[in-house]
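Participant: Pasting a predicted model and its sequence here:
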Amino acid sequence: GEDVEQSLFLSVREGDSSVINCTYTDSSSTYLYWYKQEPGAGLQLLTYIFSNMDMKQDQRLTVLLNKKDKHLSLRIADTQTGDSAIYFCALDNYGQNFVFGPGTRLSVLP
Amino acid sequence: DGGITQSPKYLFRKEGQNVTLSCEQNLNHDAMYWYRQDPGQGLRLIYYSQIVNDFQKGDIAEGYSVSREKKESFPLTVTSAQKNPTAFYLCASSTPGPQHFGDGTRLSIL
């Protein structure tokens, strides 16, 4: 089955950029997602990219997809304390085999 | 507003007791899912349903049961056979496409 990996922890200074990485094994995914989970809450869909795209930008968020290396990243510009949360990447193949990564806990230091 | 409602937010179970977690969606989504999240852990799939009156086991179905009698509702029962039920439970739905999550139910043992 699909294997999705993420670094478990990331710390950045407020105002810096954060880059959260995700690697996967199955290249048949059609959509790749980033979710944010704040303490005690459900997962909130942040953004997604279709597999035929290389990059997608949405305000402070930039998603990069390298299909050759099976690598997905989420860059958060001007990181704020409110960005402190757990970030999950997830992969989907037309509604089949929806798989989540283990999550990266982002800590933003003042 | 459309969304997924999980209730209750907090639930306590006594030894030998079955408890039922509610999940209702008004997004008209066909597929619904139940996940378990333990502290510092990612998501583990318990059960999922792609159509009414049909559901499949996920990775950790033992000690849990579900029903899908209506499109809008997908309740999860944590039975007394589940020996370590303390966790955060998340319900999600999709059309397919991205999964949308409720705010979760935290289950603890008395």
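Facilitator: Arrived safely. Numbers count the residues shown, from 1 in each chain, chains lettered A, B, ... in the order given.
Participant: count of neighbours near residue A:106?
Facilitator: Using other Cβ atoms under 10 Å in any protein chain shown, the number of residues around residue A:106 comes to 20. All C-beta spots, glycine's among them, are computed from the backbone N, C-alpha and C.
Participant: Which residue, other than its chain neighbours, is closest to it?
Facilitator: residue A:10 (5.1 Å; Cβ to Cβ, 6 or more residues apart in numbering or on different chains).
Participant: wait, residue A:98 sits on residue A:91?
Facilitator: Yes. At 7.3 Å, residue A:98 counts as touching residue A:91 under the criterion of Cβ atoms under 8 Å.
Participant: list the contacts for residue B:37?
Facilitator: In this structure, residue B:37 makes contact with B:43, B:44, B:87, B:88, B:89, B:90, B:104, judged by Cβ atoms under 8 Å, 6 or more residues apart in numbering or on different chains.
Participant: Can you pull the residues of chain B lying near chain A?
Facilitator: Listed as neighbours of chain A in chain B under the rule Cβ under 8 Å from any Cβ of the partner chain: B:4, B:6, B:31, B:33, B:41-43, B:88, B:90, B:92, B:94-104, B:106.
Participant: from the residues you listed, which would you call buried?
Facilitator: In the residues of chain B next to chain A, burial by neighbour count holds for B:4, B:6, B:31, B:33, B:42-43, B:88, B:90, B:92, B:94, B:96-104, counting by 16 or more other Cβ atoms under 10 Å in any protein chain shown.
Participant: Among those, which are located in strands?
Facilitator: Among those, DSSP state E puts B:4, B:6, B:31, B:33, B:43, B:88, B:90, B:92, B:94, B:100, B:101 in strands.
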